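1. Give me coordinates for this.
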Amino acid sequence: MTACNPALDLDRLAFPLSDEQRLLADVARSFAWDRLAPGAHDRDRTGEYPRTFVDELAALGLLAMKVSADWGGSALDNVGYVLAMEAVAEADASTAVILAASNMATWIIDQHGSTEQCDQWLRPYAAGELGPVSFALTEPHCGSDASALRTQAVRDGDGYRLTGQKMWITSGAFAGLHLVFACTGEGPRGISCFLVPAGAEGLAIGREEDKMGQRASGTVALHLDDVFVPADQRIGEEGQGYGIALSALAAGRVGMAGLCIGIGEAALAAGLRYAADRRAFGKRVLDFQNSRFQLADCRVELDAAWLLALRGARLLDQGHRAAAESSAAKLYASEATGRVVDRMVQLHGGYGYSREYDIERYYRDARITRIYEGSSEIQRLVLARALVDSLEVPA
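-> Residues are numbered from 1 along each chain as shown. Coordinates of the predicted model:
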């Protein structure tokens, strides 16, 4: 049932975009709708990982969007990243989250890795020779509380022995490299970051998770049993891992806001098409006032999500920390998208509950966005903390 979504008129947002950013959005959208969209429905059914398309995205520079030009990457700014993520997610949210995880991991290597590490790993990655890179932080007992890791990295001569388990790892079975966070000491200041190549002795890939949505993103567990990692594959110094992970959050969250908006835009377009074609009580569903009100509310919420995402991205590009602004973007975009897809399922009536229609997939794909990349509750904590910290305490 997938049909091409027309190019969005971003000019109506009155947000300044460069010619390069517009071209990027057009390239990403064309690829997404020409290559990803036609098979997205079937990949959702089977859970087939889109490996061929990941290779093609690498050739377009979209797999290395956050990697600097020095290592062959696209070196996109955050506004461009939001535009690309939105365009891909409109066609296939599973592929978009693969891009999100891989770009987050490689941005960390780019920003915190040594020249030798970047040359060894990022250059072949940007050339499409490694496939995706996984971001291995989450563990079975802790999701949002990243400081509570149990995976251990014990010093052994000129390296470390890593033992533990990681959960919900996107692209874990297909990644050529894993960015693994493990404990070299106690508490948040005892977490370190390591590069673990695919096929390392003692590294085992768990079964594919049978998920509700974003089913083709290749989510698995990673089991590390006494995996030896040379010291020169540690990113940064011992104990810097927690800060390294946090450094990627703001850019990751505005990118995730773009992903949410992409799902929402696809749902709204599907609802609009269906309402224009479907007839009830002698007229189009689109001609009922309630239908128009629902569509109008969706447009307003998505526009608001766009502006919050672009604001957060622009502030990051200007060198601001933008922790609260990126959290606001991710919080609002994920929750607004949930409301949009729910309205569009309702507009479809019984057909919205049928897997024959794409709106059913959008509904499932949207639900996880309020959980991963920092749950809605975590985003509210960040925003509330910023508000409290802004209070002026009388002398």
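2. quick one: low-confidence parts of this protein?
-> Where the chain drops to pLDDT under 70, the residues are 1-7, 392-395.
3. Please enumerate the strands of it.
-> Counting by DSSP state E, the chain has strands at residues 133-136, 152-156, 159-170, 177-183, 191-197, 203-205, 219-230, 234-235, 279-280, 283-284.
4. I'd like the ones you listed written out as a markdown table, with mean neighbour count added.
-> In short, each C-beta sits where N, CA and C put it, glycine included. Below are these laid out as a markdown table (neighbours: other Cβ atoms under 10 Å):
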| stretch | mean neighbour count |
| --- | --- |
| strand 133-136 | 28 |
| strand 152-156 | 16 |
| strand 159-170 | 21 |
| strand 177-183 | 26 |
| strand 191-197 | 23 |
| strand 203-205 | 16 |
| strand 219-230 | 19 |
| strand 234-235 | 22 |
| strand 279-280 | 12 |
| strand 283-284 | 11 |
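5. May I see those organised as JSON lines, with distance to Cys260 added?
-> As requested, the strands of the chain are exported to JSON lines (distance: least, Cβ to Cβ, whole Å):
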{"stretch": "strand 133-136", "distance to Cys260": "18"}
{"stretch": "strand 152-156", "distance to Cys260": "34"}
{"stretch": "strand 159-170", "distance to Cys260": "16"}
{"stretch": "strand 177-183", "distance to Cys260": "24"}
{"stretch": "strand 191-197", "distance to Cys260": "27"}
{"stretch": "strand 203-205", "distance to Cys260": "28"}
{"stretch": "strand 219-230", "distance to Cys260": "18"}
{"stretch": "strand 234-235", "distance to Cys260": "29"}
{"stretch": "strand 279-280", "distance to Cys260": "30"}
{"stretch": "strand 283-284", "distance to Cys260": "29"}
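6. Minimum distance to Asp11: which of the ones you listed has it?
-> Taking Cβ to Cβ, strand 283-284 is the member of those nearest to Asp11, at 28.5 Å.
7. tell me what that closest one is packed against?
-> helix 249-277 (3 or more Cβ pairs under 8 Å, 6 or more residues apart in numbering; DSSP states H and E).
8. what's the neighbour count on Gly72?
-> Look at Gly72: counted by other Cβ atoms under 10 Å, it has 17 neighbours.
9. Now do the same contact list for it.
-> By Cβ atoms under 8 Å, 6 or more residues apart in numbering, Gly72 lies in contact with Ala64, Leu122, Arg123, Ala126, Ala127.
10. can you tell me how far the closest residue to it other than its chain neighbours sits from Arg43?
-> Of all residues not flanking Gly72 in the chain, Ala126 sits nearest, at 3.6 Å (Cβ to Cβ, 6 or more residues apart in numbering). According to Cβ to Cβ, to the nearest Å, Ala126 and Arg43 sit 25 Å apart.
11. the more surrounded of the two?
-> Relative neighbour count places Ala126 above the other of Ala126 and Arg43, with 25 against 19, counting by other Cβ under 10 Å.
12. Now do that one against Ala248, distance only.
-> If you measure Ala126 against Ala248 using Cβ to Cβ, the figure is 18 Å.
13. what's the answer for Arg380, then?
-> Counting by Cβ to Cβ, the gap between Arg380 and Ala248 amounts to 20 Å.
14. more neighbours, those two?
-> Neighbour count, other Cβ under 10 Å: between Arg380 and Ala248, Ala248 has more, with 21 against 13.
15. so what's that one up against?
-> When contacts are counted by Cβ under 8 Å, 6+ apart, Ala248 touches Met104, Trp107, Ile108.
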